[in-house]
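Colleague: Sequence first, predicted model second:
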Number of protein chains: 2
Amino acid sequence: MTALKVVSSKFASEIDQELMGSKVGFTLQQLMELAGFSVAQTIQREYPLEQNKNKNEVLIIVGPGNNGGDGLVCARHLKLFGYNPIVYYPIRSKRTPFYGQLVNQLEFFQVPILTEEQSTKWVDYLKPEKTLCIVDAIFGFSFKPPIREPFGSIVAEMHKVEDKIPIVAVDIPTGWDVDEGPVAEPHTTPRVLVSLTVPKPCSKFIKPERTAHYVGGRFIPNHFAEKYGFEPFPYQGTDQVLKL
Amino acid sequence: MTALKVVSSKFASEIDQELMGSKVGFTLQQLMELAGFSVAQTIQREYPLEQNKNKNEVLIIVGPGNNGGDGLVCARHLKLFGYNPIVYYPIRSKRTPFYGQLVNQLEFFQVPILTEEQSTKWVDYLKPEKTLCIVDAIFGFSFKPPIREPFGSIVAEMHKVEDKIPIVAVDIPTGWDVDEGPVAEPHTTPRVLVSLTVPKPCSKFIKPERTAHYVGGRFIPNHFAEKYGFEPFPYQGTDQVLKL
């Protein structure tokens, strides 16, 4: 195995900006669709339904920004793959109407979206006998501590069960700094990390014996990877994820 | 094998409108990304690079509408899969700025986009020893004959080589009516048809001994399929296409 290829938070931010700039012209909707799909594909690889006869629930915790958007897309693809996703989305982003559309799509797919007001709370879904995994789609690479409420309390609950129900983190585990790793208390320790586009420096803090590491978000050409100082990843066939 | 499930052009149009309506909220960008990806995945299934050592070119003929947009997305994914796509896009749509962005993305991926003015014409790429297949992404389900220029001449050239270079048609082969099948002269006879969302009635006119039939565009929930009178397709795992 070769040394892990990572890029700094500064480069990760530059990559995003360049991909969505006027020259390249990717849209948020395109990148989010592919990123969310890659997270769903990772879950199918790690927790295939045929090996988990009596479990099919996936609880997806969605934050207010783009990391949360990836989670909303992931939920829709999981439903198509035959899973039973349940979304907890406590603070709904109004940054762009597109987030509202992602929610409409999930309602159309009959995916439950939990609110604080419901009698069945999100914690009621933390059942090891039913829940295959929890998707941590709360914060991404721009997170800075402390974790604000309600996410601090949410992460505390996730931390309590993380040895019984595996957590799949999208790009950056919650409570982790993109460069420095775990910096906030509480924080989550995922069983699976899906780095998007390229691993960030914090992925050096995961322990291989505990956490499977994937890269997803297959949307950059080879010459672009080289420009940012990392080798293109050897994705297989039409796969949208690669286990590192 | 069960009877082919098809929907009429009227229903196909209603499905599209409902998916992109305010209630469901899918965007063109999302659906096109998934549709184009499914065409690229079909090509990888039918013409895998490892079985075609000396051929890696795919010529993609792009029409002015949404069928063409699917072709532009397909080209980008093929490049990521290791193919060498070449795009011929003679009439560029100005219907939405998004088509321009899809072109920018291809330029960023260093995919050649041919124009009429170039010294190397698109027909120069019709070389059986180099070209794995031609993607027919010219017209979709709203096509009515006759085929207008320059597409009439293009289809005539495609028809001449179709026994030497296989054609992969996106949703509706060019010169075919969505309900009535081949209606215009010339028309193409594909080796592979990728029906999007659900096969249209014209797919009854393909001959199984000549044409492999796939369904792609995996983005509708089961209850929606049932509403439109067809059973959900048994896609496997995370596949975005299913061979019928």
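Modeller: Nice, thanks for sending it over.
Colleague: would you list every one of the strands in chain A?
Modeller: A:57-62, A:84-88, A:113-114, A:131-137, A:167-170, A:176-177, A:181-182, A:192-196, A:212-216, A:241-243 (DSSP state E).
Colleague: and the fifth one, average pLDDT?
Modeller: It stands for strand A:167-170. Mean per-residue pLDDT for strand A:167-170: 98.
Colleague: Mind giving me the packing neighbours of that strand?
Modeller: Other helices and strands packing on strand A:167-170, by 3 or more Cβ pairs under 8 Å, 6 or more residues apart in numbering or on different chains; DSSP states H and E, are helix A:28-46, helix A:66-80, strand A:131-137, strand A:192-196. Bear in mind the C-beta positions are built from the backbone N, C-alpha and C, glycine included.
Colleague: Next, the buried residues of it.
Modeller: Residues of strand A:167-170 classed as buried by neighbour count (16 or more other Cβ atoms under 10 Å in any protein chain shown): A:Ile167, A:Val168, A:Ala169, A:Val170.
Colleague: what's the most distant pair in the residues you listed?
Modeller: Using Cβ to Cβ, the two most remote members of these are A:Ile167 and A:Val170, lying 10.3 Å apart.
Colleague: where do the contact lists of those two overlap?
Modeller: Shared contacts of A:Ile167 and A:Val170 (Cβ atoms under 8 Å, 6 or more residues apart in numbering or on different chains): A:Val135, A:Asp136.
Colleague: How about the contacts made by A:His77?
Modeller: A:Gly36, A:Phe37, A:Ala40, A:Gln41, B:Thr238.
Colleague: How many residues are close by the fourth one?
Modeller: Spelled out, it's A:Gln41. 22 (other Cβ atoms under 10 Å in any protein chain shown).
Colleague: Could you do the third one as well?
Modeller: One way to gauge burial is a neighbour count; for A:Ala40, by other Cβ under 10 Å, it gives 29.
Colleague: For chain A, which residues are neighbours of chain B?
Modeller: Residues of chain A found near chain B (Cβ under 8 Å from any Cβ of the partner chain) are A:22-27, A:29-30, A:33-34, A:37, A:40-41, A:44, A:48, A:77, A:79-81, A:98, A:100-102, A:104-105, A:108-110, A:218-219, A:221, A:223-224, A:235, A:237-238, A:240.
Colleague: middle-most residue in chain A, spatially?
Modeller: Centroid check for chain A by Cα atoms, centre = their mean gives A:Val170 as the closest residue, at 2.1 Å.
Colleague: Please report the distance of it from A:Gly36.
Modeller: 9 Å (Cβ to Cβ, to the nearest Å).
Colleague: Now do the shared contacts for the two.
Modeller: A:Asp70, A:Gly71, A:Cys74.
Colleague: The last one: what's it in contact with?
Modeller: The contact partners of A:Cys74, taken as Cβ under 8 Å, 6+ apart, are A:Gly36, A:Phe37, A:Val39, A:Ala40, A:Ile43, A:Ile60, A:Pro85, A:Val135, A:Ala137, A:Val170.
Colleague: cool, A:Val87 as well?
Modeller: By Cβ under 8 Å, 6+ apart, the residues touching A:Val87 are A:Ile60, A:Val62, A:Gly71, A:Leu72, A:Ala75, A:Leu106, A:Val111, A:Pro112, A:Ile113, A:Leu114.
Colleague: Name only those of these that count as buried.
Modeller: Buried among the contacts of A:Val87 (16+ other Cβ under 10 Å): A:Ile60, A:Val62, A:Gly71, A:Leu72, A:Ala75, A:Leu106, A:Val111, A:Ile113, A:Leu114.
Colleague: ok, residues contacting stretch A:99-106?
Modeller: Contacts to stretch A:99-106, defined as Cβ under 8 Å, 6+ apart, come from residues A:68-69, A:72-73, A:75-76, A:79, A:87, A:89, A:92-94, A:113, B:22-27.
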